[in-house]
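K.L.:
This is a predicted model, with the sequence first.
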Amino acid sequence: TPFDLARGPLLRATLVRTSVSDLMLILTMHHIVADGWSLGILQHELEILLKAYSSGQPSPLPELPIQYADFACWQRRILQGERLDSLFAYWKKQLEDAPAQLSLPTGRPRPAAQSFQGASLSATLPSALTEGLRTLSHREGATLFMTLLTAFGVLLSRYSGQSDLVIGTPIANRTRSELEGLIGFFVNTLALRLDLSSDPSFTALLERVRTVATGAYTHQDMPFEVLVSRLAPARHLSHTPLFQVMFALENHAEETLSPTNDRAMGDIVETRGAAKFDLTLVIAEFNDGISATFEYATDLFDSTAIRQMLGHFVVMLEGVIANPEQRISELPLLSQAERQQLLMEWNATESAFPRDCCIHTLFEIQTARTPEAIALETVDEQLPYAQLNHRADQLAARLRGVSA
């Protein structure tokens, strides 16, 4: 059932009795009234209220110092004039001449209009890798978000061949303590432009990404929709403006992934759903580990390609931990099985042939067998064996004449 944004309400609650003793509360709301942070607040407050009302007690929730409407009025008041112009000037400079698209290799041609049909693949990262990433981040004075964003940027660059790319990322945008307990839509989107030129080491690239990220945080008040409106990029139904790939890190510090500290790479779980962008990597950080989820547009990718991409991402992260001073072009991507296939199977092209005569003699023997078969093909021309052999004889005669 659709919502009417002009009239509301934008929240529906349905209580379903599933058995004599069990009830299910179903809440349906439009994203415009609540972000991911808000859902956690809503669930927590519902639990407190349910416990209080079940025992006949009044609501123990304190009065809020401000309401979401106060924030909305404040935001509208400050985002105008010089303040808005200053924010826009920063982002305009950051995104000047940025590539309009990230050219990832897709298994299917891009449709004329996005269908937003999608799926996702998820896996937990090995415990040793998780600890290595946290240690590296701490040593380099970066956050885990910055380290993983850098690695994701390298992966995208290696896949696309582009050294200049833009990745979107959501940000909570609750910059004041008074906003932390409010339910509403605060989240904003930042367009982070990464420069991977000159083949830097991973740590050098991490420093670049840290600079980009901190600058974006400082200027996060610029609403993404206002930025797009002011930049006015060419719009296409086939892809989103400014960026087509997202990266997000979610913190679930109070939750756990597993009871052990020696967890290996978890099984890959696949689910169907929707995809707002071509590709989104969501990293979920728990107190005992990290999970990675690739959400992808099924119009463009199939699960085999994304499963391979997830494997490449993990292999590269392991290479980063082993030697973060490697140049990004040298970071490994292929698994042991893929390297075996590349080096031993696909490269097994040796063929038996007579060793007692020269190669030109063997070519003439083949010409006698299949004179009309195609021996050489270029963009503009196809040469049968007989014609190529004739040209080779002419060239040999000229060379003999020159040498004589």
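P.N.:
Yep, that arrived.
K.L.:
Now do M344: how many residues are near it, please.
P.N.:
A total of 9 residues lie near M344 under the criterion other Cβ atoms under 10 Å. C-beta here means a position set from N, CA and C on the backbone, and glycine is covered the same way.
K.L.:
List the buried residues for stretch 41-52?
P.N.:
Judged by neighbour count (16 or more other Cβ atoms under 10 Å), stretch 41-52 contains these buried residues: I41.
K.L.:
Can you tell me what sits against it?
P.N.:
Stretch 41-52 is touched from outside by 25, 27, 34, 58-61, 181-183, with contacts defined as Cβ atoms under 8 Å, 6 or more residues apart in numbering.
K.L.:
so how far is it from its chain's centroid?
P.N.:
A distance of 34 Å separates the centroid of the chain from that of stretch 41-52, by Cα atoms, centre = their mean, to the nearest Å.
K.L.:
and what of stretch 18-37?
P.N.:
Its chain's average C-alpha position is 29 Å from that of stretch 18-37, according to Cα atoms, centre = their mean.
K.L.:
quick revisit: turn the contacts of stretch 41-52 into TSV, columns for pLDDT and neighbour count.
P.N.:
As requested, the contacts of stretch 41-52 are arranged in TSV below (pLDDT from 0 to 100; neighbours: other Cβ atoms under 10 Å):
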residue	pLDDT	neighbour count
L25	94	10
L27	95	13
A34	94	21
P58	95	8
S59	95	10
P60	96	9
L61	95	12
G181	92	17
L182	95	18
I183	95	20
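K.L.:
which among the residues you listed gets closest to L227?
P.N.:
Distance from L227 was checked for each of the contacts of stretch 41-52 by Cβ to Cβ. The minimum falls on A34, at 22.7 Å.
K.L.:
Might you report the residue contacts of the closest one?
P.N.:
Going by Cβ under 8 Å, 6+ apart, A34 touches 42, 183-185.
K.L.:
what would the residues you listed look like in TSV with secondary structure and distance to G168?
P.N.:
Listed next are the contacts of A34 as TSV, based on DSSP: H, G, I helix; E, B strand; the rest coil; distance: Cβ to Cβ, whole Å:
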residue	secondary structure	distance to G168
L42	helix	25
I183	coil	24
G184	coil	21
F185	coil	17
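K.L.:
Determine which two of those residues are furthest apart.
P.N.:
Of all pairs drawn from the contacts of A34, the one with the largest separation by Cβ to Cβ is L42 and F185; the distance is 12.8 Å.
K.L.:
can you give me the helices in the protein?
P.N.:
36-54, 68-78, 81-94, 127-139, 144-160, 202-218, 224-231, 303-322, 336-340, 359-369, 385-403 (DSSP state H).
K.L.:
Indicate which one of these is closest to P111.
P.N.:
helix 303-322 (16.8 Å).
K.L.:
and the closest one, which residues are buried?
P.N.:
In helix 303-322, counting by 16+ other Cβ under 10 Å, buried: 303, 305-306, 309-321.
K.L.:
nearest to G289, of the helices of the chain?
P.N.:
Across the helices of the chain, the minimum distance to G289, taken as Cβ to Cβ, is reached by helix 127-139, at 5.1 Å.
K.L.:
burial count for the residue nearest to H239 when sequence neighbours are not counted?
P.N.:
Leaving aside its chain neighbours, H239 sits nearest to Q101 (6.3 Å; criterion: Cβ to Cβ, 6 or more residues apart in numbering). A count of neighbours around Q101, defined by other Cβ under 10 Å, yields 17.
K.L.:
you'd agree Q101 is up against Q244?
P.N.:
Yes - if you go by Cβ atoms under 8 Å, Q101 and Q244 touch, sitting 6.4 Å apart.
K.L.:
I'd assumed T150 was in contact with L192.
P.N.:
No - under the criterion of Cβ under 8 Å, L192 is not in contact with T150, lying 10.6 Å apart.
K.L.:
between these two, who's got more neighbours?
P.N.:
Per other Cβ under 10 Å, whichever of L192 and T150 has more neighbours is T150, with 28 against 20.
K.L.:
Quick check: the more buried one vs E285, distance?
P.N.:
16 Å (Cβ to Cβ, to the nearest Å).
K.L.:
Only C-alpha atoms, please: export the helix or strand of the chain with the lowest mean pLDDT in PDB.
P.N.:
For the chain, using mean pLDDT, DSSP states H and E, the weakest element among its helices and strands is helix 336-340, scoring a mean of 85. Taking C-alpha atoms only, helix 336-340 is exported to PDB below (Å, rounded to 0.1, in the frame of the first residue of the first chain):
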ATOM      1  CA  GLN A 336      45.000 -20.000  -5.300                       C
ATOM      2  CA  ALA A 337      42.600 -21.900  -7.500                       C
ATOM      3  CA  GLU A 338      42.400 -19.000 -10.000                       C
ATOM      4  CA  ARG A 339      46.200 -18.700 -10.100                       C
ATOM      5  CA  GLN A 340      46.400 -22.500 -10.700                       C
END
